[in-house]
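# Kindly return the folded structure for what I paste below:
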Amino acid sequence: MTDDVAAQIAALIPRNLADIVRRPGFGCCRLPTEDEVAALRGDPDDDGRHKATLDRWRIVSLDLRAGGASLHHVLVGADGPVRWATSVIVVLGAGAARTRNGSLYRLLGSCGEGEPPEEDLIYLCLMLHKWGIGRTLGVPEWS
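Predicted coordinates for the structure are as follows:
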């Protein structure tokens, strides 16, 4: 592989959450504040019908400015070797989270802290494109 190709590939891989949305006037990906996480706390009505069990998980905030300000908190995690980026969290309880679309996720351990690992950053890019907003936000894409 030539140095030029390697540099082009490296440029596609986000270095951190702030490097995912590359059209800054449209918003950003970031870590949530303590107050934002506290506002999610509640009873997720855990009926035991979990879509998945996430053993490595964290919350990522998607702060959108295009078309009016909106803030969404996305659950990103892994169920064994499978990566998940779910819809927006509505309620975060002890050991479970309910998302906007009604899915319930069982959460093992505690929420990851700090910047996500590279594989989660890449997966978040892929999911933003799958959700149809990646191109608008300038998120790196691989086709």
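# what are the ranges of the strands in this structure?
Taking DSSP state E as the criterion, the chain contains strands spanning 27-30, 52-54, 56-64, 70-79, 82-93, 96-99, 104-107.
# I'd like the ones you listed as a markdown table, with distance to residue 17, mean pLDDT and mean neighbour count appended.
For every residue, glycine as well, the C-beta is placed using N, CA and C. Formatted as a markdown table, these follow (distance: least, CB to CB, whole Å; pLDDT from 0 to 100; neighbours: other CB atoms under 10 Å):
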| stretch | distance to residue 17 | mean pLDDT | mean neighbour count |
| --- | --- | --- | --- |
| strand 27-30 | 4 | 92 | 21 |
| strand 52-54 | 18 | 88 | 19 |
| strand 56-64 | 6 | 90 | 20 |
| strand 70-79 | 10 | 86 | 19 |
| strand 82-93 | 13 | 79 | 17 |
| strand 96-99 | 19 | 92 | 22 |
| strand 104-107 | 20 | 92 | 21 |
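# would you list the ones you listed in a markdown table and tack on distance to residue 45?
Shown next, in a markdown table, are those (distance: least, CB to CB, whole Å):
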| stretch | distance to residue 45 |
| --- | --- |
| strand 27-30 | 28 |
| strand 52-54 | 17 |
| strand 56-64 | 19 |
| strand 70-79 | 16 |
| strand 82-93 | 8 |
| strand 96-99 | 7 |
| strand 104-107 | 8 |
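# for the protein, longest helix please?
helix 118-130 (DSSP state H).
# Buried residues, that helix. List them.
Buried residues in helix 118-130, counting neighbours by 16 or more other CB atoms under 10 Å, are found at 120-129.
# Taking strand 82-93 as reference, get the angle to that helix.
Relative orientation of helix 118-130 and strand 82-93, computed by axes from the mean of the first three to the mean of the last three CA atoms, to 10 degrees: 80 degrees.
# which secondary structure elements does helix 118-130 contact?
Judged by 3 or more CB pairs under 8 Å, 6 or more residues apart in numbering; DSSP states H and E, the packing partners of helix 118-130 are strand 56-64, strand 70-79, strand 82-93, helix 134-137.
# What are the contacting residues of stretch 23-43?
Outside of stretch 23-43, the residues within contact range by CB atoms under 8 Å, 6 or more residues apart in numbering are 17-18, 20-21, 59-66, 71, 73, 89-93, 111, 114-115, 124, 136-138.
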